[in-house]
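Participant: here you go, sequence then predicted model.
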Amino acid sequence: MAKNRPHALIDGYNLIKCVPLYSESLHQSLAAARTHIEAVLGAYARKTGTEITIFYDGDPEVGHPDYQQRDNVDIFFSRRPQKADDLIMERVAQKHGARWLRVVTSDREIQRCAARHKISFIDSPAFAEEVENPRQRTVHRGEQDPGSDPHWRPDREEVEAFSAVFEQPTRRKDDDRLARRQPREIDPNLTLDKGEVDEWEQLFKRKKSD
C-alpha cells in the first residue's frame, strides 16, 4: 500500500497577511500577493515533495473559477455564503485522523477544528520560516499536534475507547475477588449434630435482624 505524500492545506489570505514578506505584494494588488505565494509554495512543493492546496475567499465581482492549478499548487476559491475557512474545515473533517496532513493557518477556529479531527496544524509565520528553509520534517515553533491544543476535547467514541482500556484492570480485580468468594465444595458426607444446627439457626436469625 503506497504511503501518502505530505499534504498542506493553506489558509491563503491568512498566510499573506500574517507574513510581512508576502504581504508586501499587497501594495500592488491582492492578485499580485496571490501570485507571489503561489510561486513560493510551488518551489517548496518541488523541493520537499509536499502537496499544496491553497484556499482563498472568493470575490463575486472578480468571478474567480472555483478551482485552478498553477505550478503544482491546487487553488480553490470559496463561493458566498461560504468562506475559505469553511472549505478548509470541510476538507479537514473529510480527512479525519490523517497523519500526513497539516493545516497552515493562524486562525484559532480552524486550528480547533483540526485538533478535533486529529490533524496537525502550524501557524502561518512558522510555516513561512519552514518554506524559506526547507528541511527534514520536524516539529516547528508554532506547530501543534491536535492532542496538545487546550481546546481539544475527546469525542464520544474516544471516551468509550479510553474507558474500556482503563476499566479492564478494575474488572480483572473484581473477577479475582469474586473468584475468591466462590463457596468451597460442600462435603456430601458432612453432618451436624443438634447443637451445631441450633447455633447456625441463631446465627442466621441475627443476620436477618441486622
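Facilitator: Thanks, I have the structure now. All of these numbers come straight from a predicted model, not from anything done at the bench. Residues are numbered from 1 along each chain as shown.

Participant: show me the domain layout of the chain.
Facilitator: 7-150, 153-181 (automatic domain parsing).

Participant: go through the ones you listed and pick out the most buried.
Facilitator: domain 7-150 (a mean of 17; mean count of other CB atoms under 10 Å). All C-beta atoms are positioned from the backbone trio N, CA, C, and that covers glycine.

Participant: mean pLDDT lowest for which of the domains of the chain?
Facilitator: The minimum mean pLDDT among the domains of the chain belongs to domain 153-181 (a mean of 53).

Participant: OK, contacts around Val40?
Facilitator: 22, 131 (CB atoms under 8 Å, 6 or more residues apart in numbering).

Participant: wait, is it part of a helix?
Facilitator: Yes. Counting by DSSP: H, G, I helix; E, B strand; the rest coil, Val40 is located in a helix.

Participant: I'd like the numbering to begin with 10 instead of 1 from here.
Facilitator: Sounds good: first residue 10 from here, last item Val49.

Participant: now do it against Lys127, distance only.
Facilitator: Val49 is 28 Å from Lys127, where distance means CB to CB, to the nearest Å.

Participant: gap between the spatially closest residue to Ser34 that is not a sequence neighbour and Val71?
Facilitator: Distances taken as CB to CB, 6 or more residues apart in numbering place Ala42 nearest to Ser34, at 4.0 Å, with adjacent residues excluded. Applying CB to CB, the value for Ala42 to Val71 is 14 Å.
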